[in-house]
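Participant: mind looking at a prediction? Sequence and model below.
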Protein chains: 2
Amino acid sequence: MKKFEEKTIQTETIYDGKIVKLQVDDVTLPDGKTSRRELVKHAGAVGIIPITKDNKIVFVEQYRKPLEKSLVEIPAGKLENGEEPSVTALRELEEETGYTASSPTFITSFYTSPGFADEIMYLYLADDLEPVENAASGDDDEFIELLELTLDEARQYVNEQRIHDAKTNYAILYLETLERM
Amino acid sequence: MKKFEEKTIQTETIYDGKIVKLQVDDVTLPDGKTSRRELVKHAGAVGIIPITKDNKIVFVEQYRKPLEKSLVEIPAGKLENGEEPSVTALRELEEETGYTASSPTFITSFYTSPGFADEIMYLYLADDLEPVENAASGDDDEFIELLELTLDEARQYVNEQRIHDAKTNYAILYLETLERM
């Protein structure tokens, strides 16, 4: 849908980094006036909900520099060029947790912050986890700790805001809906 | 929690805009090595789920320049300096929909994209809507169209990806959990 489309008059790349690109566009509004839009470009990401055979959810705790604190999250990562999201999901699962799975189930996707960013998040669930021998390791600058929690424990982490991000909060709520069905 | 804390060695502001600020930090990792972090600073935001007396959800459709398309979303907006999130929620509700409510219920909060941004989203629900005469109008550069949908219709919009953002997808899932209780 293109309702209320804003046509680009001029576009300027302010910064082209490893994770984000910042672009500022001058646009024509539907009433003919002009405005400026600040746009954060991102390759997109996947999150995967790993469920162990004894029905625990595997989380990773890591430091999040933008927040200056650590959060407990489902495993996630950035899409590499042209990669299928389900492939990214399995790669991140292995790198971050040492588990693999045969066929992750697609749950949903959503834009994380459509007002200023184009990042899309694809969410998967994997409940046929197998430990990988000599699992691939992740990025050099990534320090993570694994946690396996029951859904009740995870809910408690949400209450304490140790779990506190869109994809993970969505994942917990999603698992709650399954529980009731 | 400060697990795996990354100490800032140097910080540089690349861009200081109306909506976002882009900052690049050089950091010391837990193993003593250094890395670079790209950080998008944002004031934070609220979303509000407005439920009418005949049990419809009020949405707004607007053009999202980062995506180059329009999305159907719950009313939302950026926190103004020092404002209580519930105050922002009621202000955005009035500006975007022409409704007011007496006491919005806090649902949850989450960081939208903690890997690169500090934006937090506070989510509210308001089910005692009253139309406002001479409602305050919103930003000059905001063009929106109102929609009132049943939960079933909203679910259909999710399937068609006309609803496709974190806060609104979360809101729909949340309303589904209420429906089952």
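Facilitator: Thanks, I have it.
Participant: any idea how far A:Gly77 is from A:Ala117?
Facilitator: For A:Ala117, the distance to A:Gly77 equals 17 Å [Cβ to Cβ, to the nearest Å]. Just so you know, the C-beta spots here come from the backbone N, C-alpha and C atoms, and that holds for glycine as well.
Participant: of the two, who's got more company?
Facilitator: A:Ala117 (26 against 20; other Cβ atoms under 10 Å in any protein chain shown).
Participant: bridged to the residue lying closest to that one once chain neighbours are set aside, which residues?
Facilitator: The spatially closest residue to A:Ala117, leaving aside those adjacent along the chain, is A:Val40, at 4.1 Å (Cβ to Cβ, 6 or more residues apart in numbering or on different chains). Per DSSP bridges, the residues bridged to A:Val40 are A:Leu22, A:Ala117.
Participant: and chain A, what are its domains?
Facilitator: Chain A breaks down into these domains under automatic domain parsing: A:7-42, A:45-110+A:118-180.
Participant: format these as TSV; extra columns: distance to B:Ile172 and mean pLDDT.
Facilitator: Below are these laid out as TSV (distance: least, Cβ to Cβ, whole Å; pLDDT from 0 to 100):
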stretch	distance to B:Ile172	mean pLDDT
domain A:7-42	24	97
domain A:45-110+A:118-180	10	95
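Participant: tell me which of those domains sits nearest to B:Asn159.
Facilitator: Among these, the nearest to B:Asn159 by Cβ to Cβ is domain A:45-110+A:118-180 (9.8 Å).
Participant: run the chain-centre distance for the lengthiest strand in chain A.
Facilitator: For chain A, the longest strand by residue count, based on DSSP state E, is strand A:7-16. Centroid separation for strand A:7-16 versus its chain: 26 Å, with Cα atoms, centre = their mean, to the nearest Å.
Participant: would you mind getting the angle between that strand and strand B:7-16?
Facilitator: 160 degrees (axes from the mean of the first three to the mean of the last three Cα atoms, to 10 degrees).
Participant: picking up where we left off before, show me what contacts the residue nearest to A:Ala117?
Facilitator: Taking Cβ atoms under 8 Å, 6 or more residues apart in numbering or on different chains, we find A:Val40 in contact with A:20-23, A:116-119, B:20, B:22, B:40, B:66, B:116-117.
Participant: one more time with 6 Å
Facilitator: Residues in contact with A:Val40 (Cβ atoms under 6 Å, 6 or more residues apart in numbering or on different chains) are A:20, A:22, A:116-117, B:40.
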